[in-house]
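Novice: let's see this in three dimensions:
(chains A and B)
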Amino acid sequence: DQQVKQNSPSLSVQEGRISILNCDYTNSMFDYFLWYKKYPAEGPTFLISISSIKDKNEDGRFTVFLNKSAKHLSLHIVPSQPGDSAVYFCAVKSYGQNFVFGPGTRLSVLP
Amino acid sequence: EPEVTQTPSHQVTQMGQEVILRCVPISNHLYFYWYRQILGQKVEFLVSFYNNEISEKSEIFDDQFSVERPDGSNFTLKIRSTKLEDSAMYFCASRLQGTNEKLFFGSGTQLSVL
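Specialist: Predicted structure coming up:
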């Protein structure tokens, strides 16, 4: 019973190009969506979030897109940098409920 | 910037022993969480804690697990009789009150049960 899926376990991108990480969810009641980045031996750190009333949120090189009808979330990183190499988790939440995390996508940005 | 701190960073224990993992959440946060990540697997929710009581727990959080906020700053996870399958990275997290407040995570405790 996977409520949140990240179908690509890994992704490799050249430095300077765009990285696109995808996340799909099953429950239309989810209304708050976040992306976290995790380096080895560290806890997840918050990157960017979006609520269900928006379809795009941008913060510097990071943009999150939400397609509610498709129950799909994506994170765009442009331009990608070697320091972006990490595992990226999407997390979703509905009102009054706890966060549910996806399995993560390991991004490698090649110099 | 305020942060969630966890101790110890690594804990090695024998199967059947009790362990206590410690966390100091961000001081003005009101919701506290434990998550874990078994090597190669996803981050799994264990328990949430608010107003000095458990607000939600997962199926993983069975009778061998307990949480406590013994004073105004610490938040602990106790595993009474550890099993091999409890080996994982355990993350504490906290957040402010509010519907869409993001979680702040600690750096984790790597628990190894031998």
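Novice: what sits against residue 79?
Specialist: If you meant another chain, say so; for now it's chain A. A:15-18, A:61 (Cβ atoms under 8 Å, 6 or more residues apart in numbering or on different chains). C-beta coordinates here come from the backbone N, C-alpha and C atoms, glycine included.
Novice: can you look at chain B instead?
Specialist: Counting by Cβ under 8 Å, 6+ apart, B:I79 touches B:18-19, B:21, B:64-65, B:86, B:111.
Novice: nearest residue to it in space, ignoring adjacent ones along the chain?
Specialist: B:V19 (5.1 Å; Cβ to Cβ, 6 or more residues apart in numbering or on different chains).
Novice: give me the number of residues near the one you found?
Specialist: 19 (other Cβ atoms under 10 Å in any protein chain shown).
Novice: what does chain A have sitting close to chain B?
Specialist: By Cβ under 8 Å from any Cβ of the partner chain, the residues of chain A that approach chain B are A:32, A:34, A:36, A:41-46, A:49, A:51, A:89, A:91, A:93, A:95, A:97-104.
Novice: please repeat the previous calculation with a cut-off of 6 Å.
Specialist: Counting by Cβ under 6 Å from any Cβ of the partner chain, the residues of chain A lying close to chain B are A:32, A:34, A:42-44, A:46, A:95, A:98, A:101, A:103.
Novice: ok, now which ones touch residue 82?
Specialist: Since no chain was named, I'll use chain A. The contact partners of A:P82, by Cβ atoms under 6 Å, 6 or more residues apart in numbering or on different chains, come to A:15, A:109, A:111.
Novice: not quite, I wanted chain B
Specialist: Contacts for B:T82 were tallied using Cβ under 6 Å, 6+ apart; they are B:13, B:17, B:19, B:113.
Novice: gap between the first one and B:G40?
Specialist: Distance, B:T13 to B:G40, using Cβ to Cβ, to the nearest Å: 21 Å.
Novice: of the two, who's got more company?
Specialist: Taking other Cβ under 10 Å, B:T13 and B:G40 do not tie; B:T13 has more neighbours (16 against 8).
Novice: for chain A, see how far away that one is.
Specialist: To chain A, B:T13 is 19 Å away according to Cβ to the nearest Cβ, to the nearest Å.
Novice: that residue is in contact with B:V19, isn't it?
Specialist: Yes - B:T13 lies in contact with B:V19 (Cβ atoms under 6 Å); the separation is 5.2 Å.
Novice: nearest residue to residue 18 other than its sequence neighbours?
Specialist: Unless you meant another one, I'm taking chain A. Leaving aside its chain neighbours, A:I18 sits nearest to A:V78 (4.3 Å; criterion: Cβ to Cβ, 6+ apart).
Novice: let me rephrase: I mean chain B.
Specialist: Nearest non-adjacent residue to B:E18, counting by Cβ to Cβ, 6+ apart: B:R80, 5.4 Å away.
Novice: list the contacts of residue 64.
Specialist: Unless you meant another one, I'm taking chain A. Counting by Cβ under 6 Å, 6+ apart, A:V64 touches A:48, A:50, A:57, A:75.
Novice: wait, chain B
Specialist: Contacts of B:Q64 (Cβ under 6 Å, 6+ apart): B:79-81.
Novice: what's the closest of the residues you listed to A:S8?
Specialist: Among the contacts of B:Q64, B:I79 lies closest to A:S8 (Cβ to Cβ), at 33.3 Å.
Novice: pLDDT weak spots in chain A?
Specialist: A:1 (pLDDT under 70).
Novice: what about the strands in it?
Specialist: In chain A, the segments counted as strands under DSSP state E are A:4-5, A:10-14, A:19-25, A:32-38, A:45-51, A:56-59, A:62-67, A:72-77, A:86-93, A:100-101, A:105-110.
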